[in-house]
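Undergrad: Got a sequence here, can you model it:
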Amino acid sequence: MLALLFILFAGMAIGCALAVVAQRNPLYSAISLVGVFISLACLYVTLAAPFIAAVQVIVYAGAIMVLVVFVIMLLNVEQEERGRNRLKFLVPTAIVLAGVLIAEVAFMLFSVNNPTPAVSNIGLTSSIGTQLFTRYLLPFEITSILLLMAIVGAMTLARRGGLLSADARVIPGAQQLPRSLVDPRATPDDLRLVETDSTVEAGRLLGIDQRNTQKD
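TA: Numbering: from 1, shown residues only. Coordinates of the predicted model:
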């Protein structure tokens, strides 16, 4: 039964991994990568490692993939257009390397004798916690310090100001505004367009003194 489940989840992981590479839309690739992570978590469950499976789902399929999807949506990445392939040798190289990988997996499955393993507590919550806070306590604390430094650095970069001098002026690009928005004397339904590069230029084109209108 475990062998059938292993084949099922391994096939799902391979199929989702191929979908990650084959999809032209980065959002669909990210969703396919979630399928890979969930399939790996199921494989960990069949290997009697429930804690690692839970971490796989919570950290990778949850937090990290949500961050990736947010970045893709914020950057508004569109579907990649298929262009001319300049590196044509990459396709046969990828096929050869994939064949070598499949041959290695087949060799390990059919040529290596796997004796029945003894009962082990590797992968359980208690064993991972014991090793994490005894043998690997120093690397764990160093990792926490690095994460704290990254958070402080991100906050510093986000709060940094003074990128522009006090004398700098930002001039917006050419835009078309309705006359009712630029001219206070115009009626609200006056939708004639006024093309201008700044508010001062709009007032000059319409014969309006911007200082007087602001005081009024």
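Undergrad: Run through who's touching stretch 35-52.
TA: Counting by Cβ atoms under 8 Å, 6 or more residues apart in numbering, stretch 35-52 makes contact with 2, 5-6, 9-10, 12-13, 15-17, 19-20, 53-54, 56-57, 60-61, 65, 122-125, 128, all of which sit outside it. The way it works is simple: take the backbone N, C-alpha and C, and place the C-beta from them, glycine included.
Undergrad: Can you spell out the domain ranges of this structure, please?
TA: According to automatic domain parsing, the chain comprises the domains 1-78, 124-154, 175-215.
Undergrad: The shortest one: end-to-end distance?
TA: The distance separating the two terminal residues of domain 124-154, taken as Cα to Cα, to the nearest Å, comes to 35 Å.
Undergrad: pLDDT on it, on average?
TA: Domain 124-154 carries an average pLDDT of 83.
Undergrad: Helices of this structure, start to end?
TA: With DSSP state H as the criterion, the chain has helices at 2-22, 26-46, 50-55, 65-75, 90-111, 125-132, 137-159, 179-182, 199-206, 210-215.
Undergrad: what does the first one contact?
TA: Contacts made with helix 2-22 from outside it, assessed by Cβ under 8 Å, 6+ apart, are listed as 28-29, 32-33, 35-36, 39-40, 42-43, 46.
Undergrad: Of these, keep whichever come out buried.
TA: Neighbour-count burial within these applies to 29, 32-33, 35-36, 39-40, 42-43, 46; the criterion is 16 or more other Cβ atoms under 10 Å.
Undergrad: Against residue 106, how distant is residue 9?
TA: Distance, residue 9 to residue 106, by Cβ to Cβ, to the nearest Å: 19 Å.
Undergrad: now do residue 142
TA: From residue 142 over to residue 106 the distance is 40 Å, taken as Cβ to Cβ.
Undergrad: mind putting the contacts of helix 2-22 in TSV, pLDDT included?
TA: As requested, these are arranged in TSV below (pLDDT from 0 to 100):
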residue	pLDDT
28	87
29	88
32	91
33	90
35	91
36	92
39	92
40	92
42	92
43	91
46	87
